[in-house]
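A.B. asks: Build me a structure from this.
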Amino acid sequence: MNKISQKIFNVITYNLNQILFWVRSPHRLKMKCNGYKNVRIPFWMGIGKDTEIRIFNKQKNHISVSFGKGCWVGKRVSLTTTGSQKISLGDNSSIQDGTHLIGDIEIGSNVLFAPNVFASSGTHIFKEEPMMPIKHQDAKYSHIKDKYNKKIKIGDDVWIGTGTYISQGVTIETGVIIGANSVITKDIPSYSIVVGNNKIIGNRKDM
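C.D. replies: This next block holds a predicted model:
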């Protein structure tokens with residue numbers, strides 16, 4: 001098969017997989033975007049009931065949410081992006097029930113999200129006019145919202161415990177384990193074991 005034929009085959013296969021997925025699972029996935037063109041999702045993927053993908057101010061031909069092969073997403077999960085932001089999951093990663101991911105988030109392969117994790121690359125605008133109500137600043141300065149967006153990066157083979165909060169701009173490197181109800185506001189080195197407020201209590205390599 002030459003390069004042109006291979007490219008045509010890949011395009012047809014990809015679009016067929018997309019269409020088959022939506023035919024197979026319309027009752028499971030709530031979409032707030034125009035069809036499936038902004039979402040890359042493999043056919044053989046588990047999706048829990050009442051999971052929602054929300055894409056606001058989408059850009060033409062921009063993939064806003066992308067899942068690798070073998071991913072699994074639980075019930076009542078929400079994934080939200082705006083404009084050029086993107087949420088991507090690597091192969092064989094899973095997201096348990098009630099997790100919310102917002103903004104620009106890059107997730108590696110074989111990552112485990114326990115239930116009720118919250119991660120957001122954005123924030124409300126509160127510094128432009130400190131005496132103005134935050135809600136009003138959000139509206140007035142919405143045109144510079146991207147200035148306040150800081151991408152979250154999560155490496156391969158990371159396990160994130162139940163109820164964890166991950167702040168904007170954080171990088172969690174390969175192999176990290178995060179205990180339940182942790183608050184992550186700083187970068188976490190590879191294979192660290194973390195609990196509470198960024199507290200590193202060990203390293204997987206030393207076990």
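
A.B. asks: now the end-to-end length of stretch 101-118.
C.D. replies: 6 Å (CA to CA, to the nearest Å).

A.B. asks: What residues sit buried inside it?
C.D. replies: Judged by neighbour count (16 or more other CB atoms under 10 Å), stretch 101-118 contains these buried residues: 101-117. All C-beta atoms are positioned from the backbone trio N, CA, C, and that covers glycine.

A.B. asks: Ok, stretch 185-192 next?
C.D. replies: Neighbour count says stretch 185-192 has Ile188, Ser190, Tyr191, Ser192 buried, by 16+ other CB under 10 Å.

A.B. asks: What does the pLDDT read for Asn34?
C.D. replies: For Asn34, the pLDDT comes out at 47.

A.B. asks: er, Gln59 I mean
C.D. replies: For Gln59, the predicted pLDDT is 68.

A.B. asks: again, but for Ile47
C.D. replies: With respect to pLDDT, Ile47 scores 84.

A.B. asks: can you count the residues close to it?
C.D. replies: Other residues within reach of Ile47, judged by other CB atoms under 10 Å, total 21.

A.B. asks: Checking Asp146 next. Helix, strand or coil?
C.D. replies: For Asp146, the secondary structure call by DSSP: H, G, I helix; E, B strand; the rest coil comes out as helix.

A.B. asks: mind checking pLDDT for the nearest residue to it once chain neighbours are set aside?
C.D. replies: Leaving out its chain neighbours, the residue that sits closest to Asp146 by CB to CB, 6 or more residues apart in numbering is Gly83, at 7.0 Å. For Gly83, the pLDDT comes out at 80.
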